[in-house]
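A.B. asks: This is a predicted model, with the sequence first.
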Amino acid sequence: MNSLTRIKLSIMMFLEFFIWGAWFVTLGTYLLSNLETSATQVGMAFLTQSIGAIAAPFIVGLIADKFFPAQRILGILHLIGAVLLWQASVVTDFDSFYPYILVYMIIYMPTLALVNSISFRQMQNPSREFPPIRVLGTLGWVVAGVTIGWLNWEQNGELGMTFKMAAAASLILGLFSFTLPSTPPVKKGEKTSLADLMGLDAIGILKNRSYLLFFLSSVAICVPLSFYYGFTNPFLNEIGMESAAGKQSLGQISELLFMVLMPLFFVRLGVKKMLAIGMLAWVLRYVLFAYGNVDSGYWMLIGGIVLHGICYDFFFVTGQIYTDNLAGERFKSSAQGLITLATYGVGMLIGSMLSGVIVDAYQTPEGHAWTTIWLIPAAIAGAVLLLFILLFKDRNNQPAISPLAQEHDKNAAITSLP
């Protein structure tokens, strides 16, 4: 891959995740403070991510894989997205806001697969060439959060500007996409079944009882995950943390660090311990949030944010590697699609609906009873952890992965960074 292509792909990846991080982290605070919604409505807004995740395989599978070059579809989707984000920034009530963000997430979530597809198609050795490019995506997310904190948009009640900033970046990426290397459809003329699109042709993997338990645990753990995505920023702002969005970027930095160390942990600990540690980190994070504050308990808030690296990498990325190992060569892609549909689709959908109702139920005249609120996802994660430890057995007894396999797994893992 030549230097110009590498630079273009890096810019593409940076902008892709800058756009998402620019508005998604502070969405809950914006809705509660600027549009004066209920927490249930916040949950409905975050639920659009799940709808987008469910719709994504159809858009990518039916359009990008069969009819048009991926870079053109990426450009068109981001140009449309720029208009939707700008419109979302100027409406003044939730009923007007929701349709814009719903349609936006339906067209944005497929772009996550498109940027990966465009990147891989230009590479001779993806295991070595992709990670340095994908890391720019995490940097984009971090820069977006730091920018919001630096400009004090949270404290000044100007979070509508986050959508304008994301719209501008989306416009830039939309235009820039047409300069990306050509990525023609790979399945032109082939028939694609509904089972192929949804990953259902890999459903036989669920016959493995251990994997079935992991699969169900993945769906269940996404319920407490929804609390984090939807209400961490409103929580931190309500209790008085300055530049909360910028502080939350520490979670992505932690995630990147643990991603680099994952092959080492994977060899030494194995699948069950890695997954269990990931779930335990969820319990600990919410306990820290429950009892932390901006005075003597400030370290607890920062600790809960920094735990994101373990929470995400040790459970979700390990799970993706575990899925890859069990699926077999023929069903690797379908199996990853199935687990993504189950987690970001079904699991996050349930969690988004439940979290909003719970936060509304514990509203007080002064704000919210956050200690009680955070202990609920801690209890859910704890119950999932307990059942997992008692029932899960890795019946495959797979040996420690080789250095070459470690490099492959690291690449697969980095692909999934938020």
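C.D. replies: Structure received. Numbers count the residues shown, from 1 in each chain.
A.B. asks: Okay, now the unreliable bits of the stretch 101-250 of the chain?
C.D. replies: Residue ranges of the stretch 101-250 of the chain with pLDDT under 70: 126-127, 185-202.
A.B. asks: Helices along that one, start to end?
C.D. replies: Along the stretch 101-250 of the chain, the segments classed as helices by DSSP state H, counting those that start in this stretch run 126-150, 160-177, 194-198, 209-238, 244-291.
A.B. asks: Turn those helices into a markdown table, including mean neighbour count and distance to Val306.
C.D. replies: Any C-beta I mention is one placed from the backbone N, CA and C, and that applies to glycine too. What follows is those, written out as a markdown table (neighbours: other Cβ atoms under 10 Å; distance: least, Cβ to Cβ, whole Å):
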| stretch | mean neighbour count | distance to Val306 |
| --- | --- | --- |
| helix 126-150 | 21 | 13 |
| helix 160-177 | 21 | 23 |
| helix 194-198 | 16 | 35 |
| helix 209-238 | 22 | 13 |
| helix 244-291 | 20 | 5 |
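A.B. asks: right, and those helices - which one's nearest Ala88?
C.D. replies: helix 160-177 (5.2 Å; Cβ to Cβ).
A.B. asks: So which elements touch the closest one?
C.D. replies: In terms of contacts (3 or more Cβ pairs under 8 Å, 6 or more residues apart in numbering; DSSP states H and E), helix 160-177 is packed against helix 3-24, helix 70-90, helix 126-150.
A.B. asks: mind saving the C-alpha coords of it as PDB?
C.D. replies: The C-alpha coordinates for helix 160-177 follow below in PDB (Å, rounded to 0.1, in the frame of the first residue of the first chain):
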ATOM      1  CA  GLY A 160     -26.400  21.700  20.000                       C
ATOM      2  CA  MET A 161     -23.100  22.800  18.600                       C
ATOM      3  CA  THR A 162     -21.900  19.100  18.800                       C
ATOM      4  CA  PHE A 163     -24.400  18.200  16.000                       C
ATOM      5  CA  LYS A 164     -23.200  21.100  13.900                       C
ATOM      6  CA  MET A 165     -19.600  20.100  14.400                       C
ATOM      7  CA  ALA A 166     -20.400  16.500  13.500                       C
ATOM      8  CA  ALA A 167     -22.400  17.700  10.500                       C
ATOM      9  CA  ALA A 168     -19.400  19.700   9.200                       C
ATOM     10  CA  ALA A 169     -17.100  16.700   9.600                       C
ATOM     11  CA  SER A 170     -19.700  14.500   7.900                       C
ATOM     12  CA  LEU A 171     -19.800  16.900   5.000                       C
ATOM     13  CA  ILE A 172     -16.000  16.800   4.700                       C
ATOM     14  CA  LEU A 173     -15.900  13.000   4.900                       C
ATOM     15  CA  GLY A 174     -18.700  12.700   2.400                       C
ATOM     16  CA  LEU A 175     -16.800  14.800  -0.200                       C
ATOM     17  CA  PHE A 176     -13.500  13.200   0.700                       C
ATOM     18  CA  SER A 177     -14.900   9.700   0.200                       C
END
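A.B. asks: Contacts for that helix next, please.
C.D. replies: 8, 11-12, 15-16, 18-20, 22-23, 26, 30, 34, 71-72, 74-79, 81-83, 85-86, 88-90, 144, 147-148, 151, 153 (Cβ atoms under 8 Å, 6 or more residues apart in numbering).
A.B. asks: Return the members of the residues you listed classed as buried.
C.D. replies: Neighbour counting with 16 or more other Cβ atoms under 10 Å marks 8, 11-12, 15-16, 18-20, 22-23, 26, 30, 71-72, 74-75, 77-79, 81-82, 85-86, 88-89, 144, 147-148, 151, 153 as buried within those.
A.B. asks: Leu225 contacts Gly351, doesn't it?
C.D. replies: Yes - with contact defined as Cβ atoms under 8 Å, Leu225 reaches Gly351; the gap is 6.2 Å.
A.B. asks: Contacts only, for the closest residue to Cys222 other than its chain neighbours.
C.D. replies: Distances taken as Cβ to Cβ, 6 or more residues apart in numbering place Gly347 nearest to Cys222, at 2.8 Å, with adjacent residues excluded. Contact analysis of Gly347 by Cβ under 8 Å, 6+ apart lists 218-223, 225.
A.B. asks: now the helices and strands packed on helix 160-177 as a markdown table including distance to Ile101?
C.D. replies: Converted to a markdown table, these look like this (distance: least, Cβ to Cβ, whole Å):
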| stretch | distance to Ile101 |
| --- | --- |
| helix 3-24 | 9 |
| helix 70-90 | 6 |
| helix 126-150 | 17 |
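A.B. asks: Out of the ones you listed, the one nearest Tyr291 is which?
C.D. replies: Of all the helices and strands packed on helix 160-177, helix 126-150 comes closest under Cβ to Cβ, at 24.0 Å.
A.B. asks: now the angle between helix 244-291 and that closest one, please.
C.D. replies: 90 degrees (axes from the mean of the first three to the mean of the last three Cα atoms, to 10 degrees).
A.B. asks: Could you list every helix and strand that helix 126-150 packs against?
C.D. replies: So helix 126-150, by 3+ Cβ pairs under 8 Å, 6+ apart, packs with helix 3-24, helix 94-121, helix 160-177, helix 244-291, helix 403-414.
A.B. asks: quick one, which of those is nearest to Val359?
C.D. replies: So among those, helix 244-291 is nearest, using Cβ to Cβ, at 12.8 Å.
A.B. asks: which residue packs closest to Asp313, ignoring adjacent ones?
C.D. replies: Per Cβ to Cβ, 6+ apart, closest to Asp313 is Phe258, 4.4 Å.
A.B. asks: so Trp141 makes contact with Phe18?
C.D. replies: Yes - using Cβ under 8 Å, Trp141 is in contact with Phe18, at 6.8 Å.
A.B. asks: Quick one: residues contacting Ala369.
C.D. replies: 362-363.
A.B. asks: And it, how close does it get to Ala39?
C.D. replies: When distance is defined by Cβ to Cβ, to the nearest Å, Ala369 is 12 Å away from Ala39.
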